[in-house]
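**Student:** could you look at this predicted model? Sequence included:
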Amino acid sequence: ETGVTQSPTHLIKTRGQQVTLRCSSQSGHNTVSWYQQALGQGPQFIFQYYREEENGRGNFPPRFSGLQFPNYSSELNVNALELDDSALYLCASSRDSEYTQYFGPGTRLTVL
Amino acid sequence: GENVEQHPSTLSVQEGDSAVIKCTYSDSASNYFPWYKQELGKRPQLIIDIRSNVGEKKDQRIAVTLNKTAKHFSLHITETQPEDSAVYFCAASSNFNKFYFGSGTKLNVKP
């Protein structure tokens, strides 16, 4: 069973640009959640996708959007990047009806 | 929305001692409470979790207790070892479609 993977590992963007981050779920998992983790803070829930539909959303503006594909991989898109978007972005996958989440290694985004 | 508070922010113990980390939550609908360990530069890893229909759960040196009435839950680590040193996060979720994390506790176990 393969683990959760994310790409890219690191990314540097400038303010106002757009970014797409990718997550490949663990085999057999159909639910993906995305989190933003600022330095020294706990992960903040962005949204969750279940079977290609958004299933829950945290307190993030609409410029944070996502997709889940038929193979259950997922993308996080952020438009109009701001300096405060600099953070570690984590995705976590889980099986249908199971609560246990498995996190990916994260993408470190720096906005200059 | 849910608000999860975690204390203390840092905790230093001697090897072999016990460590206790406490969290409170605000939403009475929350029914799932996981704990994660995050080592520097690594991904969070689930170490133990508890559902609202259970008051206590134990796994070797780690235990979690839940008090639904008071809306708080705690992580207990006994016989601490240097490899327990990490940042620990609590979280709360209702029906698994939203997760709210605490701000973390940096545990330092001194040899």
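**Tutor:** The structure has been received and is ready for your questions.

**Student:** tally of neighbours for A:Ile12?
**Tutor:** Using other C-beta atoms under 10 Å in any protein chain shown, A:Ile12 is surrounded by 12 other residues. Any C-beta I mention is one placed from the backbone N, CA and C, and that applies to glycine too.

**Student:** look at residue 24 and report its pLDDT.
**Tutor:** Using chain A here. Listed pLDDT for A:Ser24 reads 95.

**Student:** try chain B instead
**Tutor:** 98.

**Student:** try the one 10 residues further on
**Tutor:** Here, the pLDDT recorded for B:Pro34 equals 96.

**Student:** ok, now the one 3 residues further on?
**Tutor:** B:Lys37 carries a pLDDT score of 97 in this model.

**Student:** for the residue positioned nearest the centre of chain A, what are its contacts?
**Tutor:** By C-alpha atoms, centre = their mean, chain A has its centre lying nearest to A:Trp34, at 3.3 Å. By C-beta atoms under 8 Å, 6 or more residues apart in numbering or on different chains, the contact list for A:Trp34 reads A:Cys23, A:Phe45, A:Ile46, A:Phe47, A:Gln48, A:Gly66, A:Ser74, A:Leu76, A:Tyr89, A:Leu90, A:Cys91.

**Student:** and the first one, how many neighbours?
**Tutor:** Applying the criterion other C-beta under 10 Å, we find 27 residues in the vicinity of A:Cys23.

**Student:** export the host helix or strand of it to CSV, keeping only CA atoms.
**Tutor:** Assessed by DSSP states H and E, A:Cys23 sits inside strand A:19-24. Extracted in CSV, the C-alpha atoms of strand A:19-24 (Å, rounded to 0.1, in the frame of the first residue of the first chain):
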residue,chain,number,x,y,z
VAL,A,19,-0.5,28.2,-7.6
THR,A,20,-1.6,24.6,-7.9
LEU,A,21,-0.6,22.0,-5.4
ARG,A,22,-1.1,18.3,-5.9
CYS,A,23,-1.9,15.3,-3.7
SER,A,24,-2.0,11.6,-4.5
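
**Student:** quick one: list the elements packing against that strand.
**Tutor:** Where contact means 3 or more C-beta pairs under 8 Å, 6 or more residues apart in numbering or on different chains; DSSP states H and E, strand A:19-24 is packed against strand A:5-7, strand A:10-13, strand A:74-78, strand A:87-94, strand A:107-111.

**Student:** try it again with 7 Å
**Tutor:** strand A:5-7, strand A:74-78 (3 or more C-beta pairs under 7 Å, 6 or more residues apart in numbering or on different chains; DSSP states H and E).

**Student:** want to try JSON lines for the ones you listed, with mean pLDDT, mean neighbour count and distance to chain B as columns?
**Tutor:** Converted to JSON lines, the helices and strands packed on strand A:19-24 look like this (pLDDT from 0 to 100; neighbours: other C-beta atoms under 10 Å in any protein chain shown; distance: least, C-beta to the nearest C-beta, whole Å):
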{"stretch": "strand A:5-7", "mean pLDDT": "96", "mean neighbour count": "16", "distance to chain B": "9"}
{"stretch": "strand A:74-78", "mean pLDDT": "97", "mean neighbour count": "21", "distance to chain B": "15"}
